[in-house]
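Visitor: Got a predicted structure plus its sequence, pasted below:
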Amino acid sequence: MPGQRLGYIRVSSFDQNPERQLEQVPLDRVFTDQASGKDVHRPQLAALLDFVRDGDTVVVHSMDRLARNLDDLRRLVKTLTGKGIQIEFVREQLTFTGEDSPMAHLLLSVMGAFAEFERALMRERQQEGIALAKKRGVYKGRQPALQPDQVAELRQKAQAGAKKARLAREYGISRETVYQYLQKDS
């Protein structure tokens, strides 16, 4: 009996459409993370790694959707194929089985390096664009999550003993942002 075909999808933000990555690819189950590629905490990737079994195939849209960098990509592919699991990258049209030739390992390294390089170039162009916009005076940066009156209210509730997680949910911000507002001087 052949194993299951399991999809892994990662989108960077909540407004991206995860369905487009593996649409029309027959899968038994899909694991979807909404997290930045640089984020090490990807719960659905961890769930996939716990769930997948010998004989299964993991299907991913592209290498950059699975891994944060070349080292991470090689580690994940080696971990999966070492357990008898195939990994298939749709965009690159590559499949790794663990019984791969030296050429397959070279392709993995080269394609992974190109994906990492492409990401680095994109970040560099983004930083250059921000620097130019700042020079022209049109870049204002990210807008604060809360208005000054909301910050004062948040601080009062925190001083009264409200839990930080509850405050984060109430104001629609992360706990880290709550702590940042509480640490800033008014």
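Guide: Ah, there it is.
Visitor: Now do the strands for the chain: every range, in order, please.
Guide: Listed in chain order, the strands of the chain (DSSP state E) span 5-11, 29-34, 57-60, 86-89, 94-96.
Visitor: and the third one, which strands flank it?
Guide: Meaning strand 57-60. Strand pairing for strand 57-60, determined by DSSP bridges: strand 5-11 (parallel), strand 86-89 (parallel).
Visitor: got TSV for those strands, with distance to Arg119 and mean neighbour count too?
Guide: (Glycine included, C-beta is placed from N, CA and C.) Formatted as TSV, those follow (distance: least, Cβ to Cβ, whole Å; neighbours: other Cβ atoms under 10 Å):
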stretch	distance to Arg119	mean neighbour count
strand 5-11	13	22
strand 86-89	16	20
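Visitor: wait, which of those strands is closest to Gln126?
Guide: strand 5-11 (18.1 Å; Cβ to Cβ).
Visitor: Let me know the angle separating that closest one from strand 29-34.
Guide: Between strand 5-11 and strand 29-34, the angle comes out at 10 degrees (axes from the mean of the first three to the mean of the last three Cα atoms, to 10 degrees).
Visitor: Export strand 5-11 to CSV, keeping only CA atoms.
Guide: Taking Å, rounded to 0.1, in the frame of the first residue of the first chain, the C-alpha atoms of strand 5-11 are listed here in CSV:
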residue,chain,number,x,y,z
ARG,A,5,0.6,12.4,0.0
LEU,A,6,0.9,15.2,2.5
GLY,A,7,1.1,18.9,1.5
TYR,A,8,3.0,21.6,3.4
ILE,A,9,2.0,25.2,2.7
ARG,A,10,3.6,28.3,4.2
VAL,A,11,2.4,31.8,3.6
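Visitor: what sits against Arg91?
Guide: The contact partners of Arg91, by Cβ atoms under 8 Å, 6 or more residues apart in numbering, come to 61-63.
Visitor: Swap in 7 Å and give it another go.
Guide: 61-62 (Cβ atoms under 7 Å, 6 or more residues apart in numbering).
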